[in-house]
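K.L.:
This is the structure alone, sequence omitted:
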């Protein structure tokens, strides 16, 4: 009786180990590769045969001639996927207020004519890796980027509009602009400083 119980348990463990440890992961991987080839590979962005990032993970841009993304809460390196986390600072926390004030000052030093600073340019996302900003945040930076590149603001506003993404399925999320893809488009369009 004990031998039969042990045999049944061993067969079940082996069967479920095989199914959940091998068959299921392979099936999910194959389905993902077929249905979502880019996302299942990390949505890597490749230029001239070199991987320069992922469209799903933000990158730190600080030069005046580039659009800046959301601040990153990862430390000590911004946009470090291996240390993804939020700051866990509440709205009333003095450290958050100081950080936001410092970010506003930095943006206004880069563009003294910046009057309205969209909130997503001065607050970190929950993961600290958000690759998107709102169209309002991108448009708030147009004057600075146009001046740094010696280009017209209209030209850059058109580029921002071309890279604006709507809500997923028309109803999920908010309109957004992928900062990495927008900055790559700036470089590819020969809108160099």
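P.N.:
Received, thanks. Quick caveat: nothing in here was measured; it's all calculated off a predicted structure.
K.L.:
Need the three-state assignment for residue 52.
P.N.:
The three-state label given to residue 52 by DSSP: H, G, I helix; E, B strand; the rest coil is strand.
K.L.:
Going along the chain, name the helices of this protein.
P.N.:
Applying DSSP state H to the chain gives helices spanning 2-18, 24-35, 37-40, 94-110, 135-140, 142-149, 153-163, 179-188.
K.L.:
so can I have CSV of those showing mean pLDDT and distance to residue 68?
P.N.:
For glycine as for every other residue, the C-beta is placed from the backbone atoms N, C-alpha and C. Output for the helices of the chain, formatted as CSV (pLDDT from 0 to 100; distance: least, Cβ to Cβ, whole Å):
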stretch, mean pLDDT, distance to residue 68
helix 2-18, 93, 48
helix 24-35, 94, 32
helix 37-40, 83, 25
helix 94-110, 89, 8
helix 135-140, 95, 8
helix 142-149, 93, 9
helix 153-163, 94, 13
helix 179-188, 92, 7
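K.L.:
just the ones you listed: most buried one?
P.N.:
Comparing those by mean neighbour count (mean count of other Cβ atoms under 10 Å), helix 135-140 ranks first with a mean of 21.
K.L.:
ok, residues contacting that helix?
P.N.:
67, 114, 116-118, 120-121, 157, 160-161, 163-164, 175-177, 179, 182 (Cβ atoms under 8 Å, 6 or more residues apart in numbering).
K.L.:
Let's see that with 7 Å instead.
P.N.:
Outside helix 135-140, the residues that touch it by Cβ atoms under 7 Å, 6 or more residues apart in numbering are 67, 114, 116-118, 120-121, 157, 160, 164, 175, 177, 182.
K.L.:
if you look at these, which of them are in strands?
P.N.:
164, 177 (DSSP state E).
K.L.:
Of the contacts of helix 135-140 - the most surrounded one?
P.N.:
For the contacts of helix 135-140, the largest number of neighbours (other Cβ atoms under 10 Å) sits with residue 67, at 26 neighbours.
K.L.:
OK, contacts around that residue?
P.N.:
61, 138, 141, 145, 179, 182, 183.
K.L.:
could those go into CSV alongside distance to residue 171?
P.N.:
Converted to CSV, the contacts of residue 67 look like this (distance: Cβ to Cβ, whole Å):
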residue, distance to residue 171
61, 30
138, 22
141, 27
145, 31
179, 24
182, 24
183, 28
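K.L.:
now, which of those residues sits nearest residue 88?
P.N.:
The closest of the contacts of residue 67 to residue 88 turns out to be residue 179 (Cβ to Cβ; 23.9 Å).
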